[in-house]
Structure formats: structure tokens, C-alpha cells
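[1] structure, please.
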Amino acid sequence: MKSTVPTVLGLAFLGAILFVAATANAQEMDELEALQITIKRAIAKIEPCVVKITTVGGIRSVDVPDEFKPDDAAPERPREDDDDAREQDDEEDGGNNEGRGRTPRFKNEFEKLLALPGFKKAEGPTTGLIISEDGYIITSAWNFDSKPQATIVSTSDGRAHAAQLLGIDRATGLALLKIDAFDLPIPRFRDPKTAKEGAWAFAIGKALTTRGVEIKYGIISAKNRVGGKALQTDAACSPSNYGGPLIDIEGRVWGLLVPIGVRGEETNPNYYDSGIGFAIPIPDPDHLIERLGEEGKELFPAYLGVMMDKDRTEDGAKIVKVLPNHGAGKGGMKNGDIVISVNGERVKNAFTLRFAIGRSRAGDVAEIVVLRGKENVKLKITFGTRPKPKARGGKIPIPARIPRKAPEKDGG
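    Purely as a prediction, here's the structure:
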């Protein structure tokens, strides 16, 4: 008679494996369910604070410099032999088909852009975030470049409020609105210094939804972007959630989503599908309200007016050249000075000096300490605004296009 002990032991071992597997599977399900619950709670916390912003009237116009317009430039109109010619075109021309309003077709869209007085484009709704109980709302500034005649803010309780545009910060692309409301819900804000690459991040929008909010998830992929002013995320950013918050997994606000370029330049919000987006941290909403809470207020990036040695490895930012008629020169800075601090903040190199300047705005006064020879010199410098770039050689650069290869012919 064969022993049954090995069989019993084998069955017991198999049962133990199945039990452990079932327990692990249940644990994984519990962790997944807990994660889903956590995310739902985060969305529930931020949702009442997110608003839909609709602008009425106004058009976006990108001015074309006069030197780039042909002398005989006129808006393009259909020709008589065009399939898209319309009877109302003749009526608008007073029945005169000869010459007036019948400009030729342009060779390309760029040529047409140069011929028109400006490129005009209507805008749709966008998103905003309540930052105070008494009706202050922060959003992205790009939707107000069209100078709308009226702005309507729709809150999560279904009410619509007429909004007043107060100030715009051109350095960060933020705009401050005010509505006549009280006891509004406000979110919690996270200190951007605690942000870590790889942390969960959710981009929240309101523009395209009638109920709730739209959610795009990702991570914080980089810090101190755009001159130290922004967090970078791979969560999908688009015109529908510009002006909305980027939140963490507990519903706290990392920053506000804006269509800003990697160097801080304003970008076209329609070219958003680049795989990265930027959020401007708001560590102190009250300070933001104080700076932008005046109607017509407009802040611009601070400009020092110097050229720096970017290859320097020692501490401090060495000034190679002080540009005339700007804040640095007017404040007494000289060629060869080494900037060691700005407003008490240590400057390690040219990059940290850029970050320090980026926290100020044009018109702000900064205390800058420079090393001049062997002596520390304190300077009071008022930041100016960056001069507008001049066109080179009378030409506007056109983005290069890769020529398409002709299809290969079958050798048969």
C-alpha cells in the first residue's frame, strides 16, 4: 500500500499557494479600489472651486508690422471664376465687379497673413479657479487678449455671474477676475517647493462640460521651468482646461495651467499638443490679489539689462556687459561685477540670477549685492521691461518645412 503522506503534503502546498495568490489578488484589488476612492475624493474637493468662463464679443488680432504689408494689400475676396464666389459679395461691392474686392489668390497662407490688417480669431469658453470666498477668480490671460465686451463666470451651483477683469500678469500669463458673490468654496494650495518629479498630477477643466469637470491625469515631470516660474506636467493641457488647476492626489492645487512657452514667451493656445504643459504655482493667493486687484493693472516681466557669463563655474553671476538705458546701468551696476545676492537670496550662477529676477516684475525695486573687486557693494535697482525684438533684414522668419519625398515608382 502506497503512502498517502506525499499526496496530502502536495495538496496542502497547492492549497497554500492558491490561498496566498487569492490573498495577494484581493490585496491588489483593495489597493486599486482605495486609489480610485482617493482620486474621487480629490476631484470632489476641487470641483466646487472650478468655474467656467465665457467671454462675449471681441476678437483676437495679431498685428502685422507695416513694413511686412504690401502697399496694395487688401482682404482676400473670391474671384468671379471661383466656385465659392457669392452673390452677397457683389451686393457688398455695390454691384461693381471690376477691380474692387477682387484680389488674386495668395500663394500661401503666410502671404495672406501678411496682406491682412491682422489675423483675427474668435475664442471659446475656458476655465478658472476661485481663490477667495468673496469672489476673486484666477484664470489664464490668453482668453482676454481679444478684449471681450463681457465676461460670464458660471459656478458649480449653476449660477451665472457677470465678471470684471481686474489685472493681468504678463510674466506668468495669469488674469484676475472679480464677481459679486460671497461664501464661495476655496481650494487648498500646495507649496511648490515640496513638489517632486514623478508625483501624481491631475489637470482639471470646466470649459467643455455642463456637469462636473473634465480630468486629465499625469505626473509632475519637471520643476523650475520657464525661468523658475512653472511646474511641468505631462497631463494633457488644452484650451478647455487652461486657467484650471493642476492638483495633487489629495485635491490640493499645485498651480494654474497656462499656455506659456518654455522661455516664458506667450504661445498660441491652439498649438497645445506638444506632450508637456506648464502650471504656475500660487503659494500666496492673497499676495496675488494684492498685486492684480486693481482694474486695468498689468504686470510685465522684470528686465535687468545685462549680459552674463554663462560658463562661469564659481559662485555668483558675472556681468559681462551692462546694457545702456536699463535698470542695471541706471542703478550703478558695472561691467565685471559679480552678483552674489538679490533681495537677500544667494545667487550661485547666471541661471539662479534669472530665477531671482523672474520672481519680480517691471517697476519693482530690488536690493542687489555685487562683488566689485574685493568689496561688496549694495545697489538699489528698479527693473525695467524687455525691449521688443527688431525684425532682421526686413523678413519674418518662416518655419522650415521638410519637403515630401516623391513616391517611388514600381520598377516593374
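[2] every contact and neighbour count from this point should use C-alpha atoms.
    OK.
[3] let's see the one helix or strand Phe202 maps to as PDB, backbone CA atoms only.
    Following DSSP states H and E, one finds Phe202 within strand 200-205. The C-alpha coordinates for strand 200-205 follow below in PDB (Å, rounded to 0.1, in the frame of the first residue of the first chain):
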ATOM      1  CA  TRP A 200       0.700  62.400  -9.500                       C
ATOM      2  CA  ALA A 201      -0.900  65.400 -11.100                       C
ATOM      3  CA  PHE A 202      -4.400  66.000 -12.500                       C
ATOM      4  CA  ALA A 203      -5.300  68.700 -14.900                       C
ATOM      5  CA  ILE A 204      -8.900  70.000 -14.300                       C
ATOM      6  CA  GLY A 205     -11.000  71.800 -16.800                       C
END
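[4] so what does it touch, helix or strand wise?
    strand 214-224, strand 245-247 (3 or more C-alpha pairs under 8 Å, 6 or more residues apart in numbering; DSSP states H and E).
[5] mean neighbour count, those: which tops it?
    By mean neighbour count, with neighbours taken as mean count of other C-alpha atoms under 10 Å, strand 245-247 ranks first of the helices and strands packed on strand 200-205 at a mean of 31.
[6] and it, which strands flank it?
    In the sheet, strand 245-247 lines up against strand 200-205 (antiparallel), strand 253-258 (antiparallel) (DSSP bridges).
[7] mind putting the ones you listed in a markdown table, mean pLDDT, mean neighbour count and distance to Pro245 included?
    Formatted as a markdown table, the strands paired with strand 245-247 follow (pLDDT from 0 to 100; neighbours: other C-alpha atoms under 10 Å; distance: least, C-alpha to C-alpha, whole Å):
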| stretch | mean pLDDT | mean neighbour count | distance to Pro245 |
| --- | --- | --- | --- |
| strand 200-205 | 95 | 27 | 6 |
| strand 253-258 | 95 | 28 | 5 |
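[8] take these and write them to TSV, including distance to Lys348.
    Formatted as TSV, the strands paired with strand 245-247 follow (distance: least, C-alpha to C-alpha, whole Å):
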stretch	distance to Lys348
strand 200-205	30
strand 253-258	26
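[9] for Lys147, find the nearest of the ones you listed.
    strand 253-258 (18.1 Å; C-alpha to C-alpha).
[10] following the closest one in sequence, what is the next regular element?
    Using DSSP H and E, the helix or strand that follows strand 253-258 towards the C-terminus is strand 277-280.
[11] residues in contact with that following strand: which ones?
    Residues from elsewhere that reach strand 277-280, judged by C-alpha atoms under 8 Å, 6 or more residues apart in numbering: 172, 229-237, 245-246, 254-260.
[12] quick one: mean pLDDT for the helix or strand just after that strand?
    Next helix or strand after strand 277-280 toward the C-terminus (DSSP H and E): helix 285-292. Mean pLDDT, computed over helix 285-292, is 93.
[13] other SSEs contacting helix 285-292?
    Judged by 3+ C-alpha pairs under 8 Å, 6+ apart, helix 285-292 is in contact with strand 160-169, strand 174-179.
[14] given the next helix or strand after that helix, what are its sheet partners and their directions?
    Using DSSP H and E, the helix or strand that follows helix 285-292 in sequence is strand 298-299. Sheet partners assigned to strand 298-299 using DSSP bridges are listed as strand 160-169 (parallel).
[15] relative orientation of the partner strand and strand 174-179 in degrees?
    Here strand 160-169 points in a direction 150 degrees away from that of strand 174-179 (axes from the mean of the first three to the mean of the last three C-alpha atoms, to 10 degrees).
[16] so strand 160-169 versus helix 285-292, what angle?
    Orientation check (the same axes, to 10 degrees): strand 160-169 against helix 285-292 gives 80 degrees.
[17] quick revisit: of the strands paired with strand 245-247, which is nearest Ile289?
    Nearest to Ile289 among these is strand 253-258 (14.7 Å), distances taken as C-alpha to C-alpha.
[18] C-alpha coordinates for that closest one, PDB please?
    The C-alpha trace of strand 253-258 is given here as PDB (Å, rounded to 0.1, in the frame of the first residue of the first chain):
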ATOM      1  CA  VAL A 253      -3.500  72.900  -6.100                       C
ATOM      2  CA  TRP A 254       0.000  72.700  -7.500                       C
ATOM      3  CA  GLY A 255      -0.600  75.600  -9.800                       C
ATOM      4  CA  LEU A 256      -2.700  77.100 -12.600                       C
ATOM      5  CA  LEU A 257      -2.500  75.800 -16.200                       C
ATOM      6  CA  VAL A 258      -1.400  78.400 -18.800                       C
END
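[19] what's the angle from it to strand 214-224?
    With the same axes, to 10 degrees applied, the angle from strand 253-258 to strand 214-224 works out at 100 degrees.
[20] contacts for strand 253-258?
    By C-alpha under 8 Å, 6+ apart, the residues outside strand 253-258 that reach it are 139-140, 172-174, 187-192, 195, 203, 231, 237, 241-248, 277-282.
[21] re the thing from before, among the strands paired with strand 245-247, which comes closest to Gly373?
    Minimum separation from Gly373 across the strands paired with strand 245-247 (C-alpha to C-alpha) falls at strand 253-258, 41.9 Å.
[22] the bottom helix or strand of this protein by mean pLDDT?
    helix 87-92 (a mean of 44; mean pLDDT, DSSP states H and E).
[23] what subset of the contacts of strand 253-258 is buried?
    Burial by neighbour count, 16 or more other C-alpha atoms under 10 Å: within the contacts of strand 253-258 this picks out 139-140, 172-174, 187, 189-190, 192, 195, 203, 231, 237, 241-248, 277-282.
[24] now that Ile186 has come up, it's in contact with Gly135, right?
    No - contact criterion C-alpha atoms under 8 Å: Ile186 and Gly135 do not qualify, at 9.9 Å.
[25] re the thing from before, got TSV for the helices and strands packed on helix 285-292, with mean pLDDT and distance to Pro125 too?
    Below are the helices and strands packed on helix 285-292 laid out as TSV (pLDDT from 0 to 100; distance: least, C-alpha to C-alpha, whole Å):
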stretch	mean pLDDT	distance to Pro125
strand 160-169	94	13
strand 174-179	95	15
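[26] and those, which is most packed in?
    Most buried of those, by mean neighbour count (mean count of other C-alpha under 10 Å): strand 174-179, with a mean of 24.
[27] what packs against that strand?
    In terms of contacts (3+ C-alpha pairs under 8 Å, 6+ apart), strand 174-179 is packed against strand 136-140, strand 160-169, helix 285-292.
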